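Novice: Need coordinates for the following:
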Amino acid sequence: MTDEAQSNNGETTETEAVVTVLKREEVLSASTEERESEEKLDTLAVQAFDLTWGAPLRSGDCKLSGLVGGTLDKGPTLRLRSDGTAELLSRFFSTDDGDAWVVVRLVLSDRNGTVLFTFPRFSSPGTVTDNQVIDWIARLSFPAIFFSSVTGANMTYSC
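Specialist: Numbers count the residues shown, from 1 in each chain. A predicted model of the protein is given here:
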């Protein structure tokens, strides 16, 4: 397992997230109607935690670093929520125009390394100038039933 891997000539590279679990609760509001036609405001706490790569990921002349807190010395963060929503929070950089960061395979795994879920292939917006930096938040979803079992993530990528 490595925090950082480099790839040349457009090869795909695979890295695993360093499990940095930052649990938090986000409160979602929902209104319900009771028999007496009164509206009651209920709150539903959604748990969340982050899986963070320890260093920027590199592929050729591209780099994917952290967006959380504006850090460029760490890798991207995968934020998972108990409602089955997720976000890949990152900052994408390329020295060339026309590049995009391609997540070929992103998997969630449990403490035994068993793959729980594989996200479909997705990619960042493409660069339009040389030396462009793009703040990129990829909105994702996964079966919420896996939330409590996830302990790691593994990404295969190219640029």
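
Novice: Pretty sure residue 96 sits against residue 128.
Specialist: No: contact criterion C-beta atoms under 8 Å: residue 96 and residue 128 do not qualify, at 10.7 Å. For every residue, glycine as well, the C-beta is placed using N, CA and C.

Novice: okay, those two: which has more neighbours?
Specialist: Counted by other C-beta atoms under 10 Å, residue 96 and residue 128 do not tie: residue 96 has more neighbours, with 14 against 10.

Novice: residues touching that one, list them.
Specialist: Listed by C-beta atoms under 8 Å, 6 or more residues apart in numbering, the contact partners of residue 96 are 61, 127, 130.

Novice: hang on, isn't the last one packed against residue 97?
Specialist: By that I understand residue 130. Yes: if you go by C-beta under 8 Å, residue 130 and residue 97 touch, sitting 5.5 Å apart.

Novice: before we move on, back to that, among the contacts of residue 96, which one is most surrounded by other residues?
Specialist: residue 127 (22 neighbours).

Novice: I'd like the average pLDDT over stretch 117-132.
Specialist: Mean pLDDT, stretch 117-132: 96.

Novice: again with stretch 142-159
Specialist: 96.

Novice: Any idea how many residues pack against the nearest residue to residue 75 once chain neighbours are set aside?
Specialist: Excluding the flanking residues, the one nearest residue 75 by C-beta to C-beta, 6 or more residues apart in numbering is residue 53, at 2.6 Å. For residue 53, the neighbour count with other C-beta under 10 Å is 26.

Novice: What score does residue 53 have for pLDDT?
Specialist: pLDDT, residue 53: 93.
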